Every structure is written in structure tokens, then in C-alpha cells.
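**Student:** pasting the sequence and the predicted model now:
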Amino acid sequence: MRSYSWFILISFITLLFLSGCDKKEKGVGRYGMLDENTPEYVTIAFLRSIYEDDNLDTAIALSDESLARILTRYHTNGNAQRHLINLKYDTVELTPQSNNDVGRNQYAEKSTITVFFSGMYDGDKIEDIRSIDLKKIDGEWKITKVHPDHFF
């Protein structure tokens, strides 16, 4: 009886350790808990695709038809960084800030999200801002335009 309880205890501890090994997707937002159906989430997923992924597939899927055609012509992430966003980074941290009232995005059809970029490129720290326009198309938020920061 005594060895049986040790077996259960060791099995439980092993199971506990193994359950912690699941790879989770990196969260979006201040605490990594931003809802997937918000324009902020789509904006950060779009930009992460351009700055962190190996290809532009996710960014193209999150864009409207016009922007998707433009991204397809850029072919590489580096070209999209250079020409569409006009910011190159080796590593970047993205912080979204909505211009809409909190809690009202579920009723909105359009949104503009301001994104703060902070990161490194060639050993230099670069901080900048971009505004991203989104539109709800068939019930999903799609990126329509990336605006440069006119104040820097």
C-alpha cells in the first residue's frame, strides 16, 4: 500500500512537469491577454508577421485586398519593413494604443490604432510611432493602411 501511494505521487509530479511544457503563442497587449477580435490584436499580429516571421503570409491574410496586393509585391519581410512601414529593426517591441473609446470596438466598423515601436537596429536604439487604419470586412478586422509618423 505504501509503495502504491509513492507511485501515485511520482506520477502526479511527472504529469505536472510535463503539462508545463506546452508551447504557448506569445500574447498580445500589455499583459498578453488582448482579445483576438479586437483591432489592436490584429494590428500587432500584422506587425509581428512583418518583423518576426519568415514570410509575409500572416500579414497578407490580415490585410484588405489592396494592401495584400502591395505586400505580395514586396516578396520579403525586409522589403515590407523598408517600404511599407519605413522602419527597420533587428528586434522590436510593439505597444498598441487605440484611438477609439474603450469597449466600443465591438460596434465600430473602422478603427485607427497607434503603435509605439521600440527596438534595436545595427546597435542603435530606435523609437518611433505609426498609425494603422483598420476596417471590419465580413466581420473580421483587416489592415487597410499604414501611416507614417508626421511628427518625427
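**Tutor:** Done, it's in. Model, not experiment: these values are computed from the prediction.
**Student:** I'd say Ile126 and Glu93 touch.
**Tutor:** No - using Cβ atoms under 8 Å, Ile126 is not in contact with Glu93, being 11.1 Å away. C-beta: built from backbone N, CA, C; applies to glycine.
**Student:** what segments of this structure are helices?
**Tutor:** For the chain, the helices defined by DSSP state H cover 2-19, 39-52, 57-61, 65-74, 77-79.
**Student:** helices and strands around the last one, which ones?
**Tutor:** Helix 77-79 is packed against no helix or strand, with contacts defined by 3 or more Cβ pairs under 8 Å, 6 or more residues apart in numbering; DSSP states H and E.
**Student:** can you mark which positions in that helix are buried?
**Tutor:** Asn77 (16 or more other Cβ atoms under 10 Å).
**Student:** any idea of the mean pLDDT for it?
**Tutor:** Mean per-residue pLDDT for helix 77-79: 92.
**Student:** not counting its own residues, what contacts it?
**Tutor:** Residues from elsewhere that reach helix 77-79, judged by Cβ atoms under 8 Å, 6 or more residues apart in numbering: 50-51, 53-56, 88.
**Student:** could you flag which of those are buried?
**Tutor:** 50-51, 56.
**Student:** least reliable of the helices of the chain going by mean pLDDT?
**Tutor:** Ranked by mean pLDDT, these end with helix 2-19 at the bottom, a mean of 60.
**Student:** what sits against the closest residue to His83 other than its chain neighbours?
**Tutor:** Using Cβ to Cβ, 6 or more residues apart in numbering and skipping residues adjacent in sequence, the residue nearest His83 is Tyr74, 6.2 Å away. For Tyr74, the contact set (Cβ under 8 Å, 6+ apart) comprises 56, 80, 83-84.
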